[in-house]
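Student: any chance you can model this:
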Amino acid sequence: MNTNRIRIVLGGGLAVVFLLALDLGFPRKLPSIPAQRHTTWTALLNDSTQSAALPSFLRKRLSIYLWVGSFGSPKPGHYRFSTRISLFAWIRALEQGRQTPVRLVLNKQRTPYRLAAFLGQKLMADSAAWMAVLKDSVDLDSGRWDAQNNLLLFLPDTYEVYWTVAPMVFVERMRGEYRRFWSPERIKRAQAQGLSPREALILASIIEEETQYEAERPRIAGVYLNRLRIGMPLQADPTIKFALGRFDLRRIGLDHTLTVSPYNTYRRTGLPPGPVCVPSKNALRAVLAPENHSFLYFCADPLRAGTHRFATTFAEHTRNAQLYRKSLDRRGVKIQS
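Tutor: The predicted structure is shown next:
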């Protein structure tokens, strides 16, 4: 090969390298990958679910650059790119695992299975991995917590967390959040009602299920606390629904109240052994600052949807309950077996 031809080949090769380098460093709008599970570029490029987020030009260029260049393997993670970046920076972000935290909005969950399913949808670990950790008992509030009580660690709020977080690591974080939430002042307010932090949350979970009408929650909390003080059964319908696993029941009948379960507060006095859901902070606030009154009874108000009528005597409560039953009859709401 003569000298001129060598110069042409070398010049052409350098030109190609220059153009590739220029393209690699050119800022552009590149796609986010919210759930990247792969540890090789080949697997990432061949994944049809990921490819849907990668335009064809990007897949072709990636194939070239990964063949020409020397890049490490991509790391699993949640990657968001809101600004224009170079393809080189995009590759490096996945290579180095520079994730964008997930904004995890924890809301009301009724069972650890539902919580595990929710976390399995939002984060990398599947529901089985989350359930295995939730089943582990923990020592809090001078007692061993089972899976149902572990729900109380997950107070509704918005948390920033990496998509790849290990279940045990996240649960440990939530234990820390729980301890920080229960400040000396909050513990003192719970104790003033004769409750431990866990018991306050269990009662708050019942109130959470009783009503969404915020103004009534402190009054309902006062009713239940009055009953607890005199050893009167709570007779809380949400505990019956939980015991039966039938959260859609619209009318509780006598047969329902005979259900054999430690959660049946018609048959047992005191609080149930665990929460019937994850309570909101507003429901807990009602328990820690209840309305001071002499009411021992309440039932739904047939004239004002979502509200209740309160009574101090059983006779008064019976009249209120009869009005409500007649309202249900008129609307055709029957007791389901």
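Student: could you list the low-confidence segments of the stretch 51-200 of the chain?
Tutor: Scanning the stretch 51-200 of the chain for pLDDT under 70 picks out the ranges 51-53, 68-69, 137-144.
Student: what about the helices in it?
Tutor: All helices of the stretch 51-200 of the chain, identified by DSSP state H, counting those that start in this stretch, fall at 56-68, 87-96, 112-122, 127-134, 147-150, 167-181, 184-192, 197-210.
Student: do the same with the stretch 201-337 of the chain
Tutor: For the stretch 201-337 of the chain, the helices defined by DSSP H, counting those that start in this stretch cover 217-230, 237-244, 254-257, 281-288, 314-330.
Student: and of the helices of the stretch 51-200 of the chain, who's closest to residue 311?
Tutor: Comparison of the helices of the stretch 51-200 of the chain against residue 311 by CB to CB identifies helix 197-210 as nearest, at 15.6 Å. Heads up, the C-betas are built off the backbone N, CA and C, glycines and all.
Student: so which elements touch that closest one?
Tutor: helix 184-192, helix 217-230, helix 237-244, helix 281-288 (3 or more CB pairs under 8 Å, 6 or more residues apart in numbering; DSSP states H and E).
Student: how many residues are close by residue 313?
Tutor: 12 (other CB atoms under 10 Å).
Student: list the contacts for it?
Tutor: Each residue near residue 313 by CB atoms under 8 Å, 6 or more residues apart in numbering is listed here: 296-297.
Student: local confidence estimate at it?
Tutor: Per-residue pLDDT puts residue 313 at 95.
Student: residue 7 too?
Tutor: Note on residue 7: pLDDT of 42.
Student: so what's the closest residue in space to residue 195 that isn't next to it in sequence up against?
Tutor: For residue 195, ignoring the flanking residues on the chain, the nearest one in space by CB to CB, 6 or more residues apart in numbering is residue 203 at 6.8 Å. Contact analysis of residue 203 by CB under 8 Å, 6+ apart lists 195, 221, 224-225, 271, 287.
Student: which one of those residues is nearest to residue 85?
Tutor: residue 287 (49.0 Å).
Student: pretty sure residue 38 is in a helix, no?
Tutor: No - under DSSP: H, G, I helix; E, B strand; the rest coil, residue 38 falls outside any helix and is assigned coil.
Student: which among the helices of the stretch 51-200 of the chain is found nearest to residue 156?
Tutor: Per CB to CB, nearest to residue 156 of these: helix 197-210, 9.5 Å.
Student: so what angle separates the directions of the closest one and helix 217-230?
Tutor: On the basis of axes from the mean of the first three to the mean of the last three CA atoms, to 10 degrees, helix 197-210 is oriented at 130 degrees to helix 217-230.
Student: start the count at 706 instead of 1 going forward.
Tutor: New numbering, starting at 706: the last item is helix 902-915.
Student: next, the angle helix 889-897 makes with helix 902-915.
Tutor: Helix 902-915 and helix 889-897 are oriented at 80 degrees to each other (the same axes, to 10 degrees).
Student: ok so, going back, show me which pair in the contacts of residue 908 is furthest apart.
Tutor: Greatest spacing in the contacts of residue 908, by CB to CB: 926 and 976 (12.7 Å).
Student: more crowded one of the two?
Tutor: Between residue 926 and residue 976, counting by other CB under 10 Å, residue 926 is the more crowded of the two (26 against 22).
Student: mind listing what the residue lying closest to the more buried one once chain neighbours are set aside touches?
Tutor: What sits nearest to residue 926 in space, not counting adjacent residues and going by CB to CB, 6+ apart, is residue 995, at 3.9 Å. Taking CB under 8 Å, 6+ apart, we find residue 995 in contact with 898, 923-924, 926-927, 930.
Student: and what of residue 931?
Tutor: Per CB under 8 Å, 6+ apart, neighbours of residue 931: 937, 998-1001.
Student: please repeat the previous calculation with a cut-off of 6 Å.
Tutor: Going by CB atoms under 6 Å, 6 or more residues apart in numbering, residue 931 touches residue 1001.
Student: how close does it sit to residue 767?
Tutor: According to CB to CB, to the nearest Å, residue 931 and residue 767 sit 67 Å apart.
Student: on that earlier part again, would you mind giving the helices and strands packed on helix 902-915 as TSV with distance to residue 1023 added?
Tutor: Listed next are the helices and strands packed on helix 902-915 as TSV, based on distance: least, CB to CB, whole Å:
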stretch	distance to residue 1023
helix 889-897	32
helix 922-935	16
helix 942-949	17
helix 986-993	26
